[in-house]
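> 3D, please:
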Amino acid sequence: MSTSPRTRTVVGCTLLVTALGAAVTACSADGDPLSAKPYDAADQISFNTPTQAGKKADPDKPLEITSESGDGRITDVTATDATGRYVAGELDADGSRWHSTAPLAANAHYTVRVSTEDDDGAPGRKVITFDTSAPTSRKTLDVTFGPKAGQYGVGQPITADLNQPVKDKAQRAVVEGALRVDSTPAVAGSWYWVSDKQLHFRPKDYWPAHATIQVHSNLEGIRVADRLWGGKAKPLRITTGDKLLAVTDAATHQMKVYKNGQEINQIPITTGKAGYETRNGVKVVLEKQYFVRMRGTTVGISEGDPDSYDLPVYYATRVTWSGEYVHAAPWSVGSQGYENVSHGCTGMNNTNAEWFFNTFHPGDLVQVINSNGHVMEPFGNGFGDWNVAWAKWRTGSALVQGKKDSPRPEEADRLRPTAV
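As a prediction, the model looks like this:
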């Protein structure tokens with residue numbers, strides 16, 4: 001005697017699958033759902049971005065699967081693209097709806113497997129496939145290199161500013177790997193992620209004197225993340241001059257100036273007094289101003305205070321954005337070479353300040369030693385990049401294995417405006 005096989009109803013025929021608001025319906029034949037032939041979604045799914053090859057889903061909209069049957073529910077959904085990447089999603093507690101929680105990729109091919117169960121516990125399974133189009137709300141990651149083209153000192157870092165934040169390390173590796181810095185003579189160097197939107201590049205040591213440095217991006221057209229693609233970037237070319245280094249010794253009150261390793265001048269100076277100590281460490285010349293009006297109110301000194309000042313300052317060479325300069329200080333000539341009486345700047349007589357102003361240019365180096373002040377901040381107050389040890393600098397690259405250990409500015413060393 002033969003027995004007819006039990007017929008099972010598959011809830012899959014009541015599933016509504018939508019991608020970007022496009023409806024998809026399909027039913028399978030009665031029988032074992034695990035052996036049901038997967039249906040072809042091409043004729044049954046309507047998408048909003050038609051192409052010559054057919055209609056495609058908008059990757060900027062979520063994938064949603066809904067069970068409209070009252071006697072069944074969704075038990076599991078797996079969505080993957082052609083490279084095997086999974087799409088994260090959430091299933092409602094009653095099994096009536098599943099929706100993606102991660103973005104779809106553009107120009108990708110997806111396979112979606114939906115498992116169902118009816119009120120009797122009978123399982124069902126449906127498989128659909130679809131393609132996504134180019135994103136309709138595509139973002140472009142643009143890069144702006146700095147500084148401006150021209151000649152700089154050997155301490156000038158290269159900067160790359162992004163118009164969109166990049167936080168994920170894998171995405172950072174894509175970006176960083178496309179940013180190229182080439183120098184003649186050649187030197188080894190590395191990028192450091194200062195923030196989600198800025199990178200700095202420097203060699204292990206300073207740039208060679210009289211070098212040519214060319215910077216460009218290969219990021220255009222490269223997919224960085226879902227809906228984020230590399231854009232254009234204007235290449236940069238700079239050159240370096242002689243290697244100029246001024247070493248300011250706050251203990252001896254002398255500045256020694258070196259050109260290409262040879263001492264060329266020694267200047268009596270005064271630096272920051274107690275409470276206004278000059279920052280230790282290597283700083284990079286940022287800009288030069290023939291005249292600056294310096295006032296104590298800009299560093300928190302109220303008018304009428306014994307430390308208050310309001311002075312015309314000439315031959316001012318800036319080394320921090322918070323207002324630390326090397327400048328002429330004729331009012332403190334009697335202390336120069338003997339004691340520290342300034343509010344953080346390095347002061348010298350008019351003749352020496354004019355010489356320094358005419359000799360040093362943006363990118364040249366000023367190093368302060370033996371001050372009781374804190375160490376120059378690595379970032380945010382000018383270029384303190386050279387105060388970061390090379391081994392630590394390398395951990396700031398997304399292309400280097402290991403945990404990033406960012407240098408941190410001294411918590412007590414707040415940014416101070418213009419000081420004299």
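> quick one: the helices in the stretch 251-400 of the chain?
Taking DSSP state H, counting those that start in this stretch to define them, one finds helices in the stretch 251-400 of the chain at 350-359, 390-394.
> With the stretch 101-250 of the chain instead?
Using DSSP H, counting those that start in this stretch, helices in the stretch 101-250 of the chain cover 169-177.
> residue ranges with poor pLDDT in it?
103, 135-137 (pLDDT under 70).
> returning to what we had before: which one of the helices of the stretch 251-400 of the chain lies closest to Gln266?
Closest of those to Gln266 is helix 350-359, at 9.8 Å (criterion: CB to CB). Bear in mind the C-beta positions are built from the backbone N, C-alpha and C, glycine included.
> Give the buried residues for the closest one.
Within helix 350-359, the residues scored as buried using 16 or more other CB atoms under 10 Å are 352-353, 355-357, 359.
> what residues does it touch?
244, 246, 257, 265, 267-268, 288, 290, 314-317, 326-330, 348 (CB atoms under 8 Å, 6 or more residues apart in numbering).
> now swap in stretch 65-84 and tell me
Residues contacting stretch 65-84 (CB under 8 Å, 6+ apart): 11, 14-18, 63, 86-87, 89, 91, 94-100, 105, 108-119, 123-124.
> try it again with 7 Å
11, 14-17, 63, 86-87, 89, 91, 94-98, 100, 105, 108-119 (CB atoms under 7 Å, 6 or more residues apart in numbering).
> What subset of those residues is buried?
Buried among the contacts of stretch 65-84 by 16+ other CB under 10 Å: 11, 14-15, 17, 63, 87, 89, 91, 95-98, 100, 105, 108, 110, 112, 114-118.
> wait, Ile128 sits on Val112?
Yes. If you go by CB atoms under 7 Å, Ile128 and Val112 touch, sitting 5.0 Å apart.
> Which stretches in the stretch 151-300 of the chain count as strands?
158-162, 179-184, 189-195, 198-203, 212-217, 223-225, 228-230, 236-240, 244-249, 254-259, 262-268, 281-284, 287-295 (DSSP state E, counting those that start in this stretch).
> Give me whichever of those is most buried.
Mean neighbour count (mean count of other CB atoms under 10 Å) peaks for strand 281-284 among the strands of the stretch 151-300 of the chain, with a mean of 23.
> Okay, now the sheet partners of it, with direction.
Strand 281-284 pairs in its sheet with strand 365-369 (antiparallel), by DSSP bridges.
> Off-centre distance for the partner strand?
Chain-centre distance of strand 365-369: 28 Å, with CA atoms, centre = their mean, to the nearest Å.
> returning to that earlier point: filter the buried ones among the contacts of stretch 65-84 down to the ones in strands?
15, 17, 63, 89, 91, 97-98, 100, 110, 112, 114-118 (DSSP state E).
> Pull the most distant pair out of those.
Tyr110 and Asp118 (26.2 Å).
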